[in-house]
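Undergrad: below is the sequence, then the predicted model.
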Amino acid sequence: MLRRLLDRILPPRVFEERPEPTAVFEASRPPVVRLERIVKRFGAVTANRDITLDIHAGRILALLGENGAGKSTLMSILSGRYHPDEGRILVDGEPTRFSSSRDAIRAGIGMVYQHFMLVPTMTVAQNVLLGQEGGFLLAPRAMEARVDALAQRYGLEIRASARVAELSMGERQRVEILRLLARNSRVLIFDEPTAVLTEPEAGKLFDALRRMASQEKAIVFISHKLEEVLSIADEIAILRRGAVVDRMPRTDVSSKSELAERMVGRGIALQMGREPAARGEVVLELEGLSGNGLEDLSLDVRRGEIVAVVGVAGNGQKQLVETVTGLVPPEEGVVRILGREWRDFYAQPRWEETLAYIPEDRLGLATCPELDMVDNVLLTTRQGFSRGVFLERGRAAQTTTRLVEEHNVQPARPRTQAGKLSGGNLQKLVIAREFFRRPKIIVAEQPTQGLDIAATEEVWKSLLAARQGAGILLVTGDLTEALELADRVAVMYRGRFIDVIATDDEERLASLGLLMAGVKE
Amino acid sequence: MRLYAIRRQEPLKWGSCLVFPAALAFSLAFCCLLLAIQGKPPLTGLASLFAGAFGSHHALQDTLLKAVPIFLCALGVAVAFRMQIWNIGAEGQYALGAVGATWAALAFPDAPRPVLIPLMLLSGGLAGGMWALIPALLKVRLRVNEIISTLMLNYIGINFLDWLVYGAWKDPASFGFPMTARFSPSALFPRLPGTRLHLGLALCALAGVAVWLWLSRTRLGYEVKAAGSGPRASVYARMDYGFLVCLVMAVCGVLAGTAGLTETVASAGRLQPSIMAGYGYTAIVVAWLARLNPLSIAVAAFLLAGLRVGVENLQLSLQVPAAFGGILEGCILLSVLAGQFVTGFRFRVERDEGRAETEGAA
């Protein structure tokens, strides 16, 4: 039922279908690059297991997989950042060993990372030709002419004399691509290239990708977005838990849902089976909260319910969370937490009546990466382990051991540094810590972002269970999550709640997609 | 042939025990080389360095006494560094501590010792602490980088001290030398009978234990550590980051100020510019060498104090320049830092032939 609902809410984005592959594929032609039985381990975790993959000139290969499936590791091996523990890389049939990304670039393999590595104060041409200016003296005109010619050839619209600092994300990405093309890269790897782009920019990128492929470049396109993969790929390889589980030409895939099932290995939507919980007292009250990018927000959250705040990122969710969690005082309007005024609540925190905040930034905000689990548990619970001015570290260590066991945090060694935990385990540790104080109100911000399905399920179960004793404000960009967990959904648009809808009201839920775009009929 | 450096998951446990002696040995070897270049006998030089620092009762006492201000300053610096506040202003805080203590000694010359010494400790510590609070407040309120402000305040503090001893506080009977009048006997530290060891050593022990207890056992100490490793996380956990910055800076100022006071009272018995011997900078080296651990700070402070005392002996016996000690100090720090890098990595050498072989086999 949920899947049907989701399809109704978010009609699949229409990308133009590709009429035919960009280049005629000859199976007899040897691949430019072949990865052979690649294995990569990080400690106990195997990120890539026995991966064999061919990359052909003139073809767009999409590498599809969820977060943590091993896509980025594989491509980091290909681009020379990591060594494989086993297996080898063949370039033009020759076994090759890259000891740095420089070697990989020399072999014609380049990667466009999600985070651009450009010098903002320099021009496009300078960035593109950085490190290969030739002689001692620079000839800015000649450099710009060269970059302009290159840009034109591949349809990458950009002004070579512009400063990078002035460019949009899409334009910066083009600079990154040009940089690889200027080094005669034959294999271009794109790590989730559309994540930072607007839709028109993504369209332009796809045009450029096709053009590059038609000029005999091999393109590897990493993504977890199904529509994109369907609209751009000639060939699709699916990674799951570090292994290539499926590989097929684009023409063999008939629908998005078919691809989704192959990617996840089972139906996407987890059925959480939400037990109804008794509603209790109001734990959070917003009345006309305004200022700091927010506009006239009013909302009640009661114990026993989960209210999801959804919307396109950047519509005031961050400011709302900062205000409710006490980091930023409200400018106008009233915020009442557990019946107390905002100022009063945060001026005199009590150990018993408390608010728990599970932030989006697990490693920088919720934990200190260099401290061990015990110290990280103490971060927000230190009040409970204080005796006079002293801290009862022994008791804190025991409690941490218990929490780690209860919440299945791996590795279960409390002396492990937080920074060494995987995203899912770190989140479980944060949740264990935050729930330890039995909070009456919980603010959870993107609680499952970047987690694999198993960890997502555990986090969801924890949140549903916590609802018995608390009211939960769930801020999420993931509609599936919102509909699975929440009793009501508040849609945020430009700092306001454009609508608040109960999740059993299918009629009105159907307009969620439009509401998120700011359209209210 | 290629050398690969691979980051270790956890740094070597025994590494730090090995790194320090190795770095020390390397630095001493380097020092021998320097002596040899100047045409001095290197081994005689080392022997004279060692004899000057630890060779006799007299030398050992000298070293211990020099270690007192270094230890106090380094302890303070380590507290600030623990929170990743890069306070390099111990030198200035030390100067202000000396000034504060001198004020008490000159203002109440007739007070009995049990009153005057605590009063001097109070005024010296307070002056150092307040001096350190200036950059702390600048950082918290105006986001001024503490590295710059503490460094600049050093010059101001030292010049302030000079201004006092050249002007307002100059002893009329000093024949124009920049120094205050001799303190009254009740302002001087009691000494262990038969030795020159004084109250300062006891202060060191007290301060060391107190700081250790504070940082490792108390809630506030934990907050300092947490705020140091994650300033944003500390705000998330509702710690008062600004208060913690002021606290660690003030503690550092009090400790450095106490060091200034000890040196004024115990070694000179009056305020004079020669007490500014760069202990506040040596303290930074000591704090790093000891990885901010109070007990290791004591050891490192003793060793570097020995170096300073020993170099004086070396100067006399072999006529090497005074800068020699500074060179050696810097060399030790650099080699220890390099050594700590080594413990964080695994090294593997691969020969090119070996590589060709595996490829041939595959």
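TA: It's in. Remember, predicted model here, so these are calculated numbers, not experimental data.

Undergrad: I'd like the next helix or strand past the host helix or strand of residue A:103.
TA: Using DSSP states H and E, the element containing residue A:103 is helix A:101-106. Downstream of helix A:101-106, the first helix or strand assigned by DSSP H and E is strand A:109-112.

Undergrad: and the strands in the stretch 201-350 of chain B?
TA: With strands called from DSSP state E, counting those that start in this stretch, the stretch 201-350 of chain B shows them at B:345-350.

Undergrad: residue contacts, whichever residue of it sits closest to chain A?
TA: The minimum distance from the stretch 201-350 of chain B to chain A, using CB to the nearest CB, falls at residue B:230 (3.6 Å). The C-beta positions use only the backbone N, C-alpha and C, and glycine is treated the same way. By CB atoms under 8 Å, 6 or more residues apart in numbering or on different chains, the residues touching residue B:230 are A:364, A:367, A:368, A:369, A:370, A:371.

Undergrad: what's around whichever residue of the stretch 401-521 of chain A sits closest to chain B, how many residues?
TA: Going by CB to the nearest CB, chain B is nearest to residue A:420 of the stretch 401-521 of chain A, at 7.5 Å. Counted by other CB atoms under 10 Å in any protein chain shown, the residues lying close to residue A:420 total 17.

Undergrad: and what of residue A:150?
TA: 20.

Undergrad: ok, so what distance separates it from chain B?
TA: 34 Å (CB to the nearest CB, to the nearest Å).

Undergrad: now do the contacts for that residue.
TA: A:128, A:156, A:178, A:181, A:182.

Undergrad: for the closest residue to the last one other than its chain neighbours, give its distance to residue A:183.
TA: Sequence neighbours aside, residue A:128 is the residue nearest to residue A:182 in space, at 5.2 Å (criterion: CB to CB, 6 or more residues apart in numbering or on different chains). Spatial separation of residue A:128 from residue A:183 under the definition CB to CB, to the nearest Å is 9 Å.

Undergrad: check residue A:345 too.
TA: On the measure of CB to CB, residue A:345 and residue A:183 end up 57 Å apart.

Undergrad: repeat for residue A:50
TA: According to CB to CB, residue A:50 stands 31 Å off from residue A:183.

Undergrad: same question for residue A:196.
TA: Residue A:196 sits 22 Å away from residue A:183, taking CB to CB as the criterion.

Undergrad: can you pull the domain assignment for chain A?
TA: Chain A breaks down by automatic domain parsing into domains covering A:1-108+A:187-198+A:220-264, A:282-516.

Undergrad: just name the most buried of these.
TA: With neighbours taken as mean count of other CB atoms under 10 Å in any protein chain shown, the domains of chain A reach their highest mean count in domain A:282-516, at a mean of 19.

Undergrad: state the mean pLDDT of it.
TA: The pLDDT scores in domain A:282-516 average 89.

Undergrad: what about that domain, start to end distance?
TA: One end of domain A:282-516 to the other measures 27 Å (CA to CA, to the nearest Å).

Undergrad: these two touch, right, residue B:261 and residue B:122?
TA: No - contact criterion CB atoms under 8 Å: residue B:261 and residue B:122 do not qualify, at 10.1 Å.

Undergrad: the more surrounded of those two?
TA: For the pair residue B:261 and residue B:122, the greater number of neighbours falls to residue B:261 (33 against 14), based on other CB under 10 Å.

Undergrad: pLDDT at residue B:355, what is it?
TA: So residue B:355 comes in at 41 (pLDDT).

Undergrad: any idea which helix is longest in chain B?
TA: In chain B, assigned by DSSP state H, the helix with the most residues is helix B:113-142.

Undergrad: can you pull the buried residues of stretch B:124-138?
TA: Across stretch B:124-138, burial judged by 16 or more other CB atoms under 10 Å in any protein chain shown covers B:124-138.

Undergrad: for stretch B:329-338, same thing?
TA: Buried, per 16+ other CB under 10 Å, within stretch B:329-338: B:329, B:331, B:332, B:333, B:335, B:336.

Undergrad: reformat those as CSV; add pLDDT.
TA: Shown next, in CSV, are the buried residues of stretch B:329-338 (pLDDT from 0 to 100):
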residue, pLDDT
B:329, 83
B:331, 88
B:332, 84
B:333, 83
B:335, 88
B:336, 83
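
Undergrad: near chain A too, which of those residues?
TA: Checked against chain A using CB under 8 Å from any CB of the partner chain, the buried residues of stretch B:329-338 give no members in range.

Undergrad: what does the stretch 151-300 of chain B put close to chain A?
TA: Listed as neighbours of chain A in the stretch 151-300 of chain B under the rule CB under 8 Å from any CB: B:217-223, B:225-226, B:229-230, B:232-233, B:235-238.

Undergrad: inside helices: which ones of those residues?
TA: Residues from these lying in helices, with DSSP H as the criterion: B:217, B:219-223, B:225-226, B:229, B:232-233, B:235-236.

Undergrad: and those residues, which two are furthest apart?
TA: The largest separation in these, counting by CB to CB, is between B:217 and B:232 at 25.6 Å.

Undergrad: show the contacting residues for the residue lying closest to residue A:253 once chain neighbours are set aside.
TA: Nearest-residue entry for residue A:253: residue A:259, 5.3 Å, with adjacent residues in sequence omitted and distances by CB to CB, 6+ apart. By CB under 8 Å, 6+ apart, the contact set of residue A:259 is A:64, A:226, A:229, A:230, A:236, A:253.

Undergrad: TSV for these, including secondary structure and pLDDT?
TA: Shown next, in TSV, are those (DSSP: H, G, I helix; E, B strand; the rest coil; pLDDT from 0 to 100):
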residue	secondary structure	pLDDT
A:64	strand	84
A:226	helix	74
A:229	helix	85
A:230	helix	86
A:236	strand	92
A:253	coil	81
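
Undergrad: picking up where we left off before, how about the residue nearest to residue A:182, what does it touch?
TA: Neighbour list for residue A:128: A:143, A:147, A:150, A:160, A:175, A:178, A:179, A:182 [criterion: CB under 8 Å, 6+ apart].

Undergrad: just the pLDDT for the fifth one.
TA: Residue A:175 carries a pLDDT score of 92 in this model.

Undergrad: where does it sit, in terms of helix or strand?
TA: Here residue A:175 is assigned to helix A:169-182, by DSSP H and E.

Undergrad: touching that helix from outside, list them.
TA: In contact with helix A:169-182 (CB under 8 Å, 6+ apart) are residues A:105, A:110-113, A:116-118, A:124, A:127-130, A:132, A:146-147, A:150-151, A:154, A:156-158, A:162, A:164, A:167, A:188, A:193, A:196-198, A:201, A:204-205, A:208, A:212.

Undergrad: how about residue B:233: what's its closest non-neighbour residue?
TA: residue A:368 (5.0 Å).

Undergrad: what residues are up against that neighbour?
TA: By CB under 8 Å, 6+ apart, the residues touching residue A:368 are A:375, A:376, A:379, A:418, B:226, B:229, B:230, B:233.

Undergrad: mind doing that once more with 7 Å?
TA: Contacts for residue A:368 (CB atoms under 7 Å, 6 or more residues apart in numbering or on different chains) come out as A:376, A:418, B:226, B:229, B:230, B:233.

Undergrad: now do the phi/psi pair for the spatially closest residue to the second one that is not a sequence neighbour.
TA: Once its chain neighbours are removed from consideration, residue A:418 has its nearest residue in residue A:367; the separation is 4.3 Å (CB to CB, 6+ apart). Torsion angles at residue A:367 (phi, psi; degrees, to the nearest 10) stand at phi -140, psi 160.
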